[in-house]
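Q: Take this sequence and fold it.
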Amino acid sequence: MQELSNSGGRVSIAQLQTAANVDIVHVEAAVQRLIAKRSDQGSRHVELLSSTELVTRGYVATVAAEVNDIIQQEGQVTLAEVSRRFDLPVKCVLAYVVCAPSVTVCAFACLLACLLACLLACLLALVCVCLLDAP
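A: You can find the predicted model right below:
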C-alpha cells in the first residue's frame, strides 16, 4: 500500500514487483487478496485497472476533478480525449470517471446548455421565417 500511496494512487503490478523485489506471482496473489479483502469489507478503496494496475478511489477522484475542470474551461471533452490524456481505457473512464458525482453534474449541465442553445436557435429561425412571411 505504501508504493500505491507514493505513486499518487496509481501503480502498475510490475512497479510493485520491482519495489517488493519478489516474484510477480506473489505480487499478483497479494493484489488479489487486497482487492478481495476490500470488497468483503464493503470498501472499494482499491480497484484493479485492466489487470495490470491498481488505482485508489483518491486517484479516481483526482481524475474526475481534472475532467470537471476541463469541461468547465472548454465546455466539453470526449471520452477518447480523457482516455488519451490520463492513459486510461475508455471502459475505465466510463466506469469510474464519468460516474463520479462532480463530473456527472457538470456533464449534465453542459448537455442542458447545449439543448437550450439548440432550442434558442430553432426559435430564432422560426421567428425569422415568420418575419419574412409577414405581409
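
Q: Find the helix or strand that residue 4 is a member of.
A: Secondary structure from DSSP states H and E places residue 4 in helix 2-6.

Q: Whichever helix or strand comes after that helix - contacts with which helices or strands?
A: Per DSSP H and E, helix 2-6 leads on to strand 10-12 as the next helix or strand towards the C-terminus. Under the contact definition 3 or more CB pairs under 8 Å, 6 or more residues apart in numbering; DSSP states H and E, strand 10-12 sits against helix 2-6, strand 53-56. All C-beta spots, glycine's among them, are computed from the backbone N, C-alpha and C.

Q: ranking the ones you listed by burial, who's on top?
A: strand 53-56 (a mean of 22; mean count of other CB atoms under 10 Å).

Q: could you dump that one to PDB, C-alpha only?
A: Only the C-alpha atoms of strand 53-56 are listed here, as PDB (Å, rounded to 0.1, in the frame of the first residue of the first chain):
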ATOM      1  CA  GLU A  53      -2.500  -1.600 -12.500                       C
ATOM      2  CA  LEU A  54      -4.000  -0.700  -9.100                       C
ATOM      3  CA  VAL A  55      -5.800   2.600  -8.600                       C
ATOM      4  CA  THR A  56      -7.200   4.200  -5.500                       C
END
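
Q: and the helix holding residue 4, what other elements does it pack with?
A: strand 10-12, helix 13-20.

Q: and of those, who's closest to residue 60?
A: Closest approach to residue 60 among the helices and strands packed on helix 2-6 is made by strand 10-12 (9.1 Å; CB to CB).

Q: still on that earlier bit, can you tell which of the helices and strands packed on strand 10-12 is closest to residue 78?
A: The nearest among these, by CB to CB, is strand 53-56 at 21.2 Å.
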